[in-house]
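Colleague: got a structure for you, letters missing:
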């Protein structure tokens, strides 16, 4: 194999790794959003059960409340995905993409809890999506 | 204001430690257990959210909450300093859009 084809295949390989890293972060934001919704629901349930939820009831609730438990478990999964992504990708590229989590949370809140989405929120979501799209371009890497 | 800015600062540093720790990972369990960067990184991440919650309960103005988006600026700085990542025009554009988006999203949800 000549040097140029070797370099070409090496670049191709690192390109594939970077794409995989970006895809991992994408899933990380989806799972992270679901985990946030679960934790929020769990916290509401806990607040109804306990008169003054403090640190201790919050800590035990992590294991006794199924909403909180699954929420924190998913949070762990998203963290592992993030670490795996960071191993192969650039921090300056991947970290901002985590902002997609906000977009999914707003979307899920709208669908599940019928929370209102105002004009400002809609515009903000548009900006975040546009930013991620720019970072996802090949030229940004 | 101090709480939110400190929180965003600590959080972004957590991401740096996670990346440093991720680079040292291999297939052995030992490489996970003895990886202090990963441990401190996860801790810093959690700590930053404690700061944000404190900022909320201690009555820091919700108008200051959009300062969370400062974390993107810190991370850009660390990525350049510690990992010598190139900062391209597209990166600035993408991160700028996200930063403004998160700023106004936080502003709209208070």
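Modeller: On my side now, so go ahead. Fair warning: this is a prediction, and the values are worked out from it, not measured in the lab.
Colleague: mind listing what's buried in the helix or strand of chain A with the lowest mean pLDDT?
Modeller: Taking mean pLDDT, DSSP states H and E as the measure, the helix or strand of chain A with the lowest value is helix A:55-64, at a mean of 75. Using 16 or more other CB atoms under 10 Å in any protein chain shown as the test for burial, helix A:55-64 gives A:57, A:61-62. The way it works is simple: take the backbone N, C-alpha and C, and place the C-beta from them, glycine included.
Colleague: which SSE is residue B:43 in?
Modeller: Using DSSP states H and E, residue B:43 falls within helix B:36-57.
Colleague: Pull the residues that contact that helix.
Modeller: A:79, A:83, B:3-4, B:6-8, B:10-11, B:13-18, B:20-22, B:24, B:32, B:62, B:64-65, B:68 (CB atoms under 8 Å, 6 or more residues apart in numbering or on different chains).
Colleague: Can you tell me the centre-most residue of the chain?
Modeller: With no chain named, the answer covers chain A. Centroid-nearest residue in chain A, with CA atoms, centre = their mean: residue A:29, separated by 1.7 Å.
Colleague: ah, no, chain B please
Modeller: Against the mean C-alpha coordinate of chain B, by CA atoms, centre = their mean, the closest residue is residue B:12 at 2.5 Å.
Colleague: What residues sit buried inside stretch B:78-98?
Modeller: Buried residues in stretch B:78-98 (16+ other CB under 10 Å): B:78-79, B:85, B:90-91, B:93-98.
Colleague: what's the answer for stretch A:97-115, then?
Modeller: Applying a neighbour-count criterion of 16+ other CB under 10 Å, the buried positions in stretch A:97-115 are A:97-106, A:108-109.
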